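*Asks:* Generate a structure from the sequence data that follows.
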Amino acid sequence: MRAWIDRDGCISCGLCPTICPEVFRMADDGLAEVYVDEVPEDFKDTAQEAAESCPVSVIHIEDD
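*Replies:* Residues are numbered from 1 along each chain as shown. Take a look at the predicted model:
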C-alpha cells in the first residue's frame with residue numbers, strides 16, 4: 001500500500017500526522033508529506049483513517 005498527497009491542495013491543518021505519524025509529517029515548507037515508500041502493515045488502517053479525515057481530500061491511498 002502506498003500513500004501520496006496532492007500537496008497543491010494541502011491546507012497545512014496537521015491532521016494527518018496527528019492521526020498517523022508513522023506515515024505522514026509536516027515538511028519544512030509547512031505542508032504535509034508522506035515520508036515512507038510503503039505504508040507499514042501495522043499502520044494501514046490509520047493511514048486510511050488519515051486519508052478519510054483530510055478536510056480537503058488530498059491524501060490518496062493505493063493498494064500495490
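*Asks:* Glu33 belongs to a strand?
*Replies:* Yes: counting by DSSP: H, G, I helix; E, B strand; the rest coil, Glu33 is located in a strand.
*Asks:* in the chain, which helix has the most residues?
*Replies:* Longest helix in the chain by number of residues (criterion: DSSP state H): helix 44-53.
*Asks:* If you count neighbours, what's buried in that helix?
*Replies:* The neighbour-count check on helix 44-53 (16 or more other CB atoms under 10 Å) flags Lys44, Thr46, Ala47, Gln48, Ala50, Ala51 as buried. The C-beta positions use only the backbone N, C-alpha and C, and glycine is treated the same way.
*Asks:* then it to CSV, C-alphas only?
*Replies:* Extracted C-alpha coordinates of helix 44-53, given in CSV (Å, rounded to 0.1, in the frame of the first residue of the first chain):
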residue,chain,number,x,y,z
LYS,A,44,-2.5,0.7,7.0
ASP,A,45,-5.7,1.3,9.0
THR,A,46,-4.5,4.6,10.5
ALA,A,47,-3.1,5.8,7.1
GLN,A,48,-6.6,5.1,5.6
GLU,A,49,-8.2,7.0,8.5
ALA,A,50,-5.9,10.0,7.9
ALA,A,51,-6.9,10.0,4.2
GLU,A,52,-10.6,9.8,5.1
SER,A,53,-10.3,12.5,7.7
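*Asks:* Identify the bridge partners of the residue nearest to the spatial centre of the chain.
*Replies:* With distances taken as CA atoms, centre = their mean, Phe24 lies nearest the centre of the chain, 4.6 Å away. Beta-bridge pairing for Phe24 (DSSP bridges): Val34.
*Asks:* Check whether it really touches Glu49, as I assumed.
*Replies:* No: Phe24 is beyond contact range of Glu49, at 11.1 Å (criterion: CB atoms under 8 Å).
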